[in-house]
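A.B. asks: I'd like to go over a predicted model; first the sequence, then the structure.
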Amino acid sequence: MQASQIEIVPFGPDHLEAAVALSQQAGWPHRTEDWQLALALSEGMVAIEDGKVVGTVLVTPYKGDCATINMVIVDETMRGRGLGRRLMDAALLTAGGRPLRLVATTAGLPLYQKLGFRETGTVLQHQGLAGEIAAPAETEAATAADLPAIATLDRLAFGADREGLLSYLAGIGEFAVIRSGGRISGFACLRPFGRGEVIGPVVAADLSKAKTLIEHFIARRPGRFLRVDTTDETGLSPWLAEQGLVHVGGGITMRQPLAKDAADPTATTFALASQALG
């Protein structure tokens, strides 16, 4: 059966269980709760053949600023039939002309390049069991009143308004902040994900402050499984390995169009919320 006979339909709640199974087939650690987070922030499509979900894609918009395309999965029995292209075409229509970002696997790279995406860097996935370290004195737990300032700092670093994402993360996880002169100058988030917990996003003015924010959560999770997704340009990777969070893979960051955000010395993203969400 050809991919042209497969129907692309909106992602509904009844597709969730099959989507989790597809991500497990791909070797991804996403739980039902992780898919629910992504779906709550996104508009998705699934490919259906004979009543079975054989592909997924999500588009996560950050207001009118940009969108990420993520959770692009094609059932291993359906690959090589053009289904990935059909899912991406549907995603591009859904994105509505927004600038786009995604993290590609090596296998997916040729398709994304054909669609006009260009490489901008590399994501480095680190994970492992947290060691025992002292809690830094410079950090503190954030409060609900800090969320607007956190969102403002994130917008400077990410180049888009992600208030909806940060509000959702605040409901399922926790934030730590660094204050300078009474104002928030850096933050990090910890939330459940996959096999354990993920630290991200992490936004700070420099590498030293980023390490301090990550230490805040490592110190509180000795022996727990932690994950951090950083990028090669941050310089954070060697230090993460020293903390027992080893480099286990990653992906290729891409954009369409290629324009990069203007650098802001007060805010740099040192760790992603996730490879899917940026």
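C.D. replies: Done, it's in.

A.B. asks: drop to CA atoms for contacts and neighbour counts, all remaining ones
C.D. replies: Will do.

A.B. asks: contacts made by stretch 39-51 with the rest, please.
C.D. replies: 5-11, 15, 53-61, 87, 90-91, 94, 164-165 (C-alpha atoms under 8 Å, 6 or more residues apart in numbering).

A.B. asks: 6 Å instead, please
C.D. replies: 6-11, 53-60 (C-alpha atoms under 6 Å, 6 or more residues apart in numbering).

A.B. asks: filter those residues down to the buried ones, PyMOL style.
C.D. replies: Command for PyMOL that selects the buried part of those, burial taken from 16 or more other C-alpha atoms under 10 Å:
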select buried, resi 6+8+11+53+54+55+56+57+58+59+60
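
A.B. asks: where's the dip in pLDDT among the contacts of stretch 39-51?
C.D. replies: Lowest pLDDT of those: I6, 93.

A.B. asks: how many residues are close by the residue lying closest to that one once chain neighbours are set aside?
C.D. replies: Closest residue to I6 apart from its sequence neighbours, by C-alpha to C-alpha, 6 or more residues apart in numbering: E49 at 5.2 Å. Residues contacting E49 under the criterion other C-alpha atoms under 10 Å number 16.

A.B. asks: quickly list what E49 is bridged to.
C.D. replies: Applying DSSP bridges to E49 gives these bridge partners: K52.

A.B. asks: break this protein into its domains for me.
C.D. replies: Here the domain parsing of the chain from automatic domain parsing is 3-98, 125-271.

A.B. asks: which residue ranges of the protein form helices?
C.D. replies: For the chain, helices defined by DSSP state H occupy the ranges 16-25, 32-40, 83-95, 109-114, 147-158, 163-172, 207-218, 237-242.

A.B. asks: so which of those is the most packed in?
C.D. replies: Burial of these is given as mean neighbour count (mean count of other C-alpha atoms under 10 Å); helix 207-218 ranks first at a mean of 21.

A.B. asks: chain center to that one, what's the gap?
C.D. replies: Its chain's C-alpha centre and that of helix 207-218 lie 19 Å apart, by C-alpha atoms, centre = their mean, to the nearest Å.

A.B. asks: residues contacting it, please?
C.D. replies: 130, 135, 188, 204.

A.B. asks: how far away is the residue nearest to I6 from A19?
C.D. replies: 14 Å (C-alpha to C-alpha, to the nearest Å).

A.B. asks: now do A273
C.D. replies: From A273 to A19 the distance is 21 Å (C-alpha to C-alpha).

A.B. asks: do G244 as well
C.D. replies: Distance from G244 to A19, by C-alpha to C-alpha: 31 Å.

A.B. asks: again, but for D75
C.D. replies: 10 Å.

A.B. asks: kindly report the same for G278.
C.D. replies: From G278 to A19 the distance is 20 Å (C-alpha to C-alpha).

A.B. asks: same check on G131?
C.D. replies: In terms of C-alpha to C-alpha, G131 sits 34 Å off from A19.

A.B. asks: now swap in G186 and tell me
C.D. replies: In terms of C-alpha to C-alpha, G186 sits 35 Å off from A19.

A.B. asks: what residues are up against R118?
C.D. replies: Contacts of R118 (C-alpha under 6 Å, 6+ apart): 254-255.

A.B. asks: what about 7 Å?
C.D. replies: 254-256, 258 (C-alpha atoms under 7 Å, 6 or more residues apart in numbering).

A.B. asks: who does it bridge with?
C.D. replies: With DSSP bridges as the rule, R118 is bridged to R255.

A.B. asks: next: G128.
C.D. replies: Applying DSSP bridges, one finds that G128 bridges with L226.

A.B. asks: related to what we said a few turns ago, out of the domains of the chain, flag the one nearest T105.
C.D. replies: domain 125-271 (5.3 Å; C-alpha to C-alpha).

A.B. asks: quick check, I73 in contact with G55.
C.D. replies: Yes. I73 is within contact range of G55, at 5.3 Å (criterion: C-alpha atoms under 7 Å).

A.B. asks: dump the helices of the chain into TSV; add distance to G194 as well.
C.D. replies: Below are those laid out as TSV (distance: least, C-alpha to C-alpha, whole Å):
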stretch	distance to G194
helix 16-25	11
helix 32-40	7
helix 83-95	25
helix 109-114	25
helix 147-158	24
helix 163-172	14
helix 207-218	17
helix 237-242	19
